[in-house]
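1. any chance you could fold what I've pasted below:
(chains A and B)
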Amino acid sequence: MSIRLSPSLEDHRIAKLAALSVGIAVIEAAIPSPLPGIKPGLANIIAIAVYFLLGWRAAAWVSILRILVSGLILGTFLSPGFILSVAGGVSSLIALALLSHIGKLGLSPVGVAILAALAHSLGQFVVAYWLFVPHPGLFYLLPVFLTAALVFGLISGFLSQMLITKYRVQHEFS
Amino acid sequence: MATKHAENSSQPRIGLNRPDQVLLVIVCMGIGFLYGNIWSGQVVAEQLSLKVADQAEQHFHLDKDQVIEIHGELGLSRIEIKNHRVRFLSSPCQSQFCVRQGWVQHGGETLACLPNKIVLHLQGKENAFDSINF
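-> Residues are numbered from 1 along each chain as shown, chains lettered A, B, ... in the order given. Have a look, this model is predicted:
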């Protein structure tokens, strides 16, 4: 006897969105980075849009699935890079959860994306320092990482704002 | 699906709203503060200490722009002080590493020409670590 799980419409939607962000993450992995740990994180465009349109739970599902699946596809599963991805993903999800609790502070997707990106980098930094490079010299890189997070958060924030606006215009009458 | 957060629809659809701008300013200040704090290991240099072989050190203030000509083991080295920075202008040595090192300006930094036995050391009020201590 087998157990049948019947996926709901919501499950399908999350799977599609997760697949979309896995695609972005895999393409992005081909872009060379000046410093290990700095990358645009364009897949977060989807996560932020999902957070605004479907809520935190869906965004958490999409992010976690994206991290797991892109780790499997890229062959980094359980590697240090993967652990850092998880650390970053979990910290930005925690930040988003806290933000939901205090009513988003009136932030637009751009502000939310900046906060999430900063939380991502901070969480990653803490884990990197704690697990991999417990050397005080690492702190010299912290402002650099945060600057990158700010810039890329801003960019992906604008992109997800466009995505959300487009989605809302299309669904205004439904 | 109906949009859940209708409160945003009154705001400009693309661009930064007021809370975003406040956040951006706070974040920029925070990151700037971090740069200042974490990268402030660099001490302003005040004087140049110059040592040739085993002679006594000579000191020069960085306030005054000048070219110091000094004879080392091999011959004449010219050292330039300009805008609180110091460099080897020319050296009789073969490798020219000292000249290629370029300008130094922070306390604790060192320039050396080993063939000509000249060592320059910048001193500030407190000395920062240089790459050797690090």
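
2. helices of chain B, start to end?
-> The residue ranges that make up the helices of chain B, judged by DSSP state H, are B:18-38, B:97-100.

3. now the ones you listed in TSV, with distance to chain A?
-> C-beta: built from backbone N, CA, C; applies to glycine. Shown next, in TSV, are the helices of chain B (distance: least, CB to the nearest CB, whole Å):
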stretch	distance to chain A
helix B:18-38	4
helix B:97-100	25
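
4. from the ones you listed, which stretch is densest packed?
-> Per-stretch averages of neighbours, counted by mean count of other CB atoms under 10 Å in any protein chain shown, single out helix B:97-100 among these, with a mean of 16.

5. low-confidence regions, chain B specifically.
-> B:1-12, B:41-43, B:125-134 (pLDDT under 70).

6. next one: chain A
-> A:173-174.

7. and the nearest residue to residue B:13 once chain neighbours are set aside, what helix or strand is that in?
-> Nearest non-adjacent residue to residue B:13, counting by CB to CB, 6 or more residues apart in numbering or on different chains: residue A:165, 4.5 Å away. Assigned by DSSP states H and E, residue A:165 belongs to helix A:142-170.

8. for the helices of chain B, give me JSON lines that also has distance to residue A:135.
-> Formatted as JSON lines, the entries for the helices of chain B read as follows, by distance: least, CB to CB, whole Å:
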{"stretch": "helix B:18-38", "distance to residue A:135": "14"}
{"stretch": "helix B:97-100", "distance to residue A:135": "29"}
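
9. nearest to residue A:126, of those helices?
-> Within the helices of chain B, the stretch nearest residue A:126 is helix B:18-38; the backing value is 14.5 Å (CB to CB).

10. who's in contact with the closest one?
-> When contacts are defined by CB atoms under 8 Å, 6 or more residues apart in numbering or on different chains, helix B:18-38 is touched by residues A:105-108, A:110-111, A:114-115, A:118, A:139-140, A:142-143, A:146-147, A:150, A:154, B:16.

11. now swap in stretch B:67-75 and tell me
-> With CB under 8 Å, 6+ apart as the contact definition, stretch B:67-75 has outside contacts at B:50, B:52-53, B:60, B:76-81, B:89, B:92-93, B:113, B:115-118.
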